[in-house]
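> What would the 3D arrangement of this be:
(2 chains)
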Amino acid sequence: MIHSHDSVIVRTLGRIVIPVAQLFGVYVLVFGQYGPGGGFVGGVVLAASMILANLIYGLDTKDTWLSRMVLHGDGLGLLLFAGVGGLCLIGGGVYLNYANLQVPGLDEASRRYLGILLTQIGVALDVAVTGVSISISLSADDEDDAEDEPFRA
Amino acid sequence: MILELPLLVLLVMTAAGAILVKDLVSGVFILGSYSFVLALVWALVGAVDVAFVEAVVGAGLATVFFLLTLSRTEEKDTELRRLPVPKVALIGLPLLALLMLYGAGDLPVFNDPRSPASTHLSPLYLENSVEQTRTPNVVTAILMDYRALDTLVETLVIFTAGIACALLLRNGAR
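Residues are numbered from 1 along each chain as shown, chains lettered A, B, ... in the order given. So this is what the prediction gives:
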């Protein structure tokens, strides 16, 4: 259980900072092929913004929809990454050789570009979800201790 | 390169401070500032991507994880008891440092284009990455295309870390 923060300054600043941080995370992810950054950094920035939101506005980590979804969504990014590699196998090439992605109307370099973009999104998804998942795990209640409390239903 | 010396002094100072400070919460914050200085050093030597990761992960995410971990501990856990330094370490570690400094003399000069590291595969990547992958940032092209399998397994490591944390720390997670 993360309690929400009382301070007006923190809550107002969070409302301004979190969307900017998320936009920046997506920017870093999408423009990783042109400038510094990429899937890993973009994912970490996205995870940091979501953890910040949890820390400011509070989160019931006990057994919520979010904490379960985050745990189950852990492998989605990995699945996307490995799935792109598998599509390359199906396309008749080596695993993770993006030139064999069967996308009509694209030359080889563009296919590699597409493959890099897709795998970067996979890495970002994996890192972002894992970051939020670890933060939820770390702040989860000890149920053994909680059950000893007299005021619990 | 007038910035190098102050940055290195700051780096050593923050590293020593993170170890020497008594309170663990202060140690976590000093470690975050250490990561930030290290990021500046990476940016100074031209490794922008590494600097980015160091700043975001070292100074941002790791600090939050450390603080969340500390918030689950008791007061007595966060106070440090230091054992006296054993004599073997007192003599052995400076010797080891001297040995490493001696070995570092044989390393190729920084930015040397004829060093083994920059003559083997690097030119191939640098010359062909724009043509072959339409990706001007060579680091991304290497990580995500030429060395994609390594990155896949790194992603697997992160996935495993998340699953392991959930299994260890969440009671009754389904």
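> Does the residue minimising distance to the centre of chain A lie in a helix or a strand, and which?
Geometric centre of chain A, nearest residue: A:Ala128, 2.1 Å, by Cα atoms, centre = their mean. In the assignment (DSSP states H and E), A:Ala128 maps to helix A:108-138.
> who touches A:Ser133 in this structure?
By Cβ atoms under 8 Å, 6 or more residues apart in numbering or on different chains, the residues touching A:Ser133 are A:Ser67, A:Val70, A:Leu71, A:Asp74, B:Gly162, B:Cys165, B:Ala166. C-beta: built from backbone N, CA, C; applies to glycine.
> any idea how far it lies from A:Leu125?
Distance of A:Ser133 to A:Leu125, computed by Cβ to Cβ, to the nearest Å: 12 Å.
> List the buried residues in the helix holding A:Ala128.
Within helix A:108-138, the residues scored as buried using 16 or more other Cβ atoms under 10 Å in any protein chain shown are A:109-138.
> A:Leu125 and A:Leu79 touch, don't they?
No. Distance between A:Leu125 and A:Leu79: 9.2 Å, which falls outside the contact criterion (Cβ atoms under 8 Å).
> now the chain, which segments are flagged as low pLDDT?
The chain I'm using is chain A. Low-confidence segments of chain A (pLDDT under 70): A:1, A:61-63, A:141-153.
> other chain: chain B
Along chain B, segments meeting pLDDT under 70 span B:1, B:77-80, B:172-174.
> In terms of residue numbering, what are the domains of it?
Residue ranges for the domains of chain B, per automatic domain parsing: B:1-80, B:115-174.
> Report the central residue of chain B.
Centroid-nearest residue in chain B: B:Glu54, 6.2 Å away (criterion: Cα atoms, centre = their mean).
> I figured that residue was touching B:Val37, is that so?
No. Between B:Glu54 and B:Val37 there is no contact under Cβ under 8 Å: 9.6 Å.
> who touches both of those two?
Counting by Cβ under 8 Å, 6+ apart, nothing touches both B:Glu54 and B:Val37.
> Skipping its backbone neighbours, what lies nearest B:Val109 in space?
B:Ser115 (7.4 Å; Cβ to Cβ, 6 or more residues apart in numbering or on different chains).
> For the one you found, what are phi and psi?
Phi and psi for B:Ser115, reported as degrees, to the nearest 10, are phi -70, psi 150.
> what about it, how many neighbours?
For B:Ser115, the tally of surrounding residues (other Cβ atoms under 10 Å in any protein chain shown) stands at 14.
> and it, how far is that from chain A?
Taking Cβ to the nearest Cβ, to the nearest Å as the measure, B:Ser115 falls 23 Å from chain A.
> Am I right that that residue is in contact with B:Ser122?
No. Using Cβ under 8 Å, B:Ser115 is not in contact with B:Ser122, being 9.7 Å away.
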